[in-house]
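>>> heads up, no residue letters with this:
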């Protein structure tokens, strides 16, 4: 019974913190565009230029056409 004197006020404090965090998120626009972020993964990224595919690994870029490599030409 004595534990209820501690647990009830503690639960009210935790509830107050949860409600204040929720209102903070609503005021800062966290819930403005729920559908946009959910559909963003379904569509191609328009920021990537045509002919370039970004790989899974960081920094890995695959190109449709190989780039010209500079090499010295021997005139033998």
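Great, that's in hand. Keep in mind that this is a model prediction, so the values were computed, not measured. Residues are numbered from 1 along each chain as shown.

>>> mind listing the strands for this structure?
Ranges of strands in the chain, per DSSP state E, are 52-54, 61-63.

>>> Point out where this structure drops to low pLDDT.
45-76 (pLDDT under 70).

>>> burial count for residue 31?
9 (other CB atoms under 10 Å). Backbone N, C-alpha and C define where each C-beta goes, glycine included.

>>> One more: the one 3 residues further on?
Residue 34 is surrounded by 8 other residues when neighbours are defined as other CB under 10 Å.

>>> go on, residue 9?
Using other CB under 10 Å: residue 9 sits among 10 other residues.

>>> Look up how far residue 1 lies from it.
15 Å (CB to CB, to the nearest Å).

>>> How about residue 37?
Counting by CB to CB, the gap from residue 37 to residue 1 is 48 Å.

>>> ok, now residue 19?
Taking CB to CB, one finds residue 19 at 28 Å from residue 1.

>>> So if I had to pick from these two, which one is more boxed in?
For residue 19 versus residue 1, the count of surrounding residues by other CB under 10 Å is larger for residue 19: 10 against 4.

>>> Near residue 16, how many other residues are there?
10.

>>> who touches it in this structure?
When the contact criterion is CB atoms under 8 Å, 6 or more residues apart in numbering, residue 16 has no partners at all.
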